[in-house]
Every structure is written in structure tokens, then in C-alpha cells.
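# the sequence and its predicted three-dimensional model are supplied below.
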Amino acid sequence: MDRSASAVWHGNLKEGNGSISTQSGTLKEAQYSFKTRFENGVGTNPEELIAAAHAGCFTMAFSNELSTAGHVPESVETTAVVTLEFPGGAPTVTKIHLVCKASVSGIEKEKFDEVAKTAKENCPISRLLKAAEISLDATLL
């Protein structure tokens, strides 16, 4: 048995703000929505919390790496999809897929990809979940 959940970090980093919203996930092949439960803090699943934390954490790491490289993003949207499996009954994060869409003026695609990869490797939650397979799709808008 496995479950998955996703969360999106939306924000304008120039203004220093952002918000997390959960999208939808799959539980036993049935679609369900948990945005309201997440906002109310009731019945939130571990995969939802991990997805929300990773989306925000990666975005902050990415912003920091971009600043170090001399670029300030206009906007960033990161989605984290977390898959939780239960080998032997214990919940284990086995996959995390990050999808980042960023608007960054004056950066070349090669540099953007390099910064995104570095941010993924340096994100504290990515390091914490080393056992999971973490993939990233980064798009320069």
C-alpha cells in the first residue's frame, strides 16, 4: 500500500511572503481533497505535512542559491509530491518529486538548472530524507 500527497508553495520572494496549499492526493486509487483539512489542521496526514514543508523549504533554499549567484527571482511556485509506503506497517517516504517554476530575470538556462540542482542538494529536508528518491523538474519562465 502506498499513499501520495502534494502541496504547492506560492509566493513572491521579492515581497518575502508565500503560502502553502495542498492540492490532491491518491489513497487506494480514490481521489480526495484535503485543502480544508490542512488549513484547519484537522486530520492532516504525514505525507501532506512533508509535502508542504518540502515545497517551502526547497523554495527558500532555491532563493538563497539564486541570491548567492547574483539573481533575485520575481516569483517561484514549487510543488512537492510525496509518496509514503508502508513496508512492514511502518510509514516510509520513498519518493519526492519537486516541480519548480520560477521567473528570474537575466539568468541563463544552464545556470538556472545548476542553481536548482544545488538547491535540491542543500535543502535541509532533502538532506533529511536522503533515503527517498528525490527528483526535480525546474522550469525557467
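Yep, that arrived.
# phi, psi of the residue of the chain positioned farthest from its centre?
Farthest-out residue of the chain from its mean C-alpha position, per CA atoms, centre = their mean: residue 88, at 27.0 Å. Main-chain torsions, residue 88, degrees, to the nearest 10: phi 60, psi 20.
# distance of it from residue 80?
Look at residue 88 and residue 80: by CB to CB, to the nearest Å, they are 25 Å apart. Just so you know, the C-beta spots here come from the backbone N, C-alpha and C atoms, and that holds for glycine as well.
# same question, residue 57
For residue 57, the distance to residue 80 - CB to CB - is 9 Å.
# the more surrounded of those two?
residue 80 (29 against 19; other CB atoms under 10 Å).
# contacting residues for that one?
By CB atoms under 8 Å, 6 or more residues apart in numbering, residue 80 lies in contact with 6, 7, 9, 50, 51, 52, 54, 55, 58, 96, 97, 98.
# do residue 117 as well
Per CB under 8 Å, 6+ apart, neighbours of residue 117: residue 136.
# give me the distance between it and residue 5.
From residue 117 to residue 5 the distance is 24 Å (CB to CB).
# is the spatially most central residue of the chain within a helix or a strand, and which one?
The chain has residue 55 as the residue nearest its centroid, 2.5 Å off, counting by CA atoms, centre = their mean. According to DSSP states H and E, residue 55 maps onto helix 46-68.
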